[in-house]
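Undergrad: Requesting a structural model of the entry that follows:
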Amino acid sequence: MDLEAIEQRIESELPDATADVQRARGPHDDDHLAATVRSPVFEGDTLVDQHQRVYDALGELMTTEIHALELSTETPDPG
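TA: Got it, this is the predicted structure:
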């Protein structure tokens, strides 16, 4: 699984997003990932809604190639 392709997928689906995706550490690190996603689109969203936006951006990858995703979402710093 190409981590850069996953980052690009997130960034293309979420406005002004930056994504950093890495393999999670552990016994299943091939399909267990950790991602930090920053986008102004998250402003005002609940944490659940922010995460759902990322899952929606990943679409079928969440059921085919990604078994688990440790997710951190952020809005850009104002200054």
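Undergrad: Contacts only, for the residue lying closest to L69 once chain neighbours are set aside.
TA: Nearest residue to L69 in three dimensions, chain neighbours excluded: L33, at 5.2 Å (Cβ to Cβ, 6 or more residues apart in numbering). C-betas here are computed from N, CA, C, even on glycine. Listed by Cβ atoms under 8 Å, 6 or more residues apart in numbering, the contact partners of L33 are 3, 6, 21-24, 66, 68-70.
Undergrad: How about the secondary structure of L33?
TA: strand (DSSP: H, G, I helix; E, B strand; the rest coil).
Undergrad: Equivalent analysis for T36, please.
TA: Counting by three-state DSSP, the backbone at T36 sits in strand.
Undergrad: Please, where are all the strands along the chain?
TA: Here the chain has its strands, by DSSP state E, at 18-23, 32-38, 68-74.
Undergrad: pull the CA atoms of the second one into PDB?
TA: Extracted in PDB, the C-alpha atoms of strand 32-38 (Å, rounded to 0.1, in the frame of the first residue of the first chain):
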ATOM      1  CA  HIS A  32      -2.700  -0.500  10.200                       C
ATOM      2  CA  LEU A  33      -2.000   3.200   9.600                       C
ATOM      3  CA  ALA A  34      -1.800   6.400  11.500                       C
ATOM      4  CA  ALA A  35      -2.700   9.700   9.900                       C
ATOM      5  CA  THR A  36      -2.700  13.400  10.800                       C
ATOM      6  CA  VAL A  37      -4.900  15.500   8.600                       C
ATOM      7  CA  ARG A  38      -5.100  19.300   8.800                       C
END
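Undergrad: Direction included, what does that strand pair up with?
TA: Sheet pairing of strand 32-38 (DSSP bridges) gives strand 18-23 (antiparallel), strand 68-74 (parallel).
Undergrad: residues of the last one that come out buried?
TA: Taking 16 or more other Cβ atoms under 10 Å as the basis for neighbour counts, the residues of strand 68-74 that come out buried are 69, 71, 73.
Undergrad: pull the helix or strand with minimum mean pLDDT from this structure.
TA: One helix or strand of the chain scores below all others by mean pLDDT, DSSP states H and E: helix 61-64, with a mean of 90.
Undergrad: ok, now which ones touch the nearest residue to A17 once chain neighbours are set aside?
TA: Sequence neighbours aside, S39 is the residue nearest to A17 in space, at 3.8 Å (criterion: Cβ to Cβ, 6+ apart). Shown in contact with S39 (Cβ under 8 Å, 6+ apart): 14-18, 73, 75-76.
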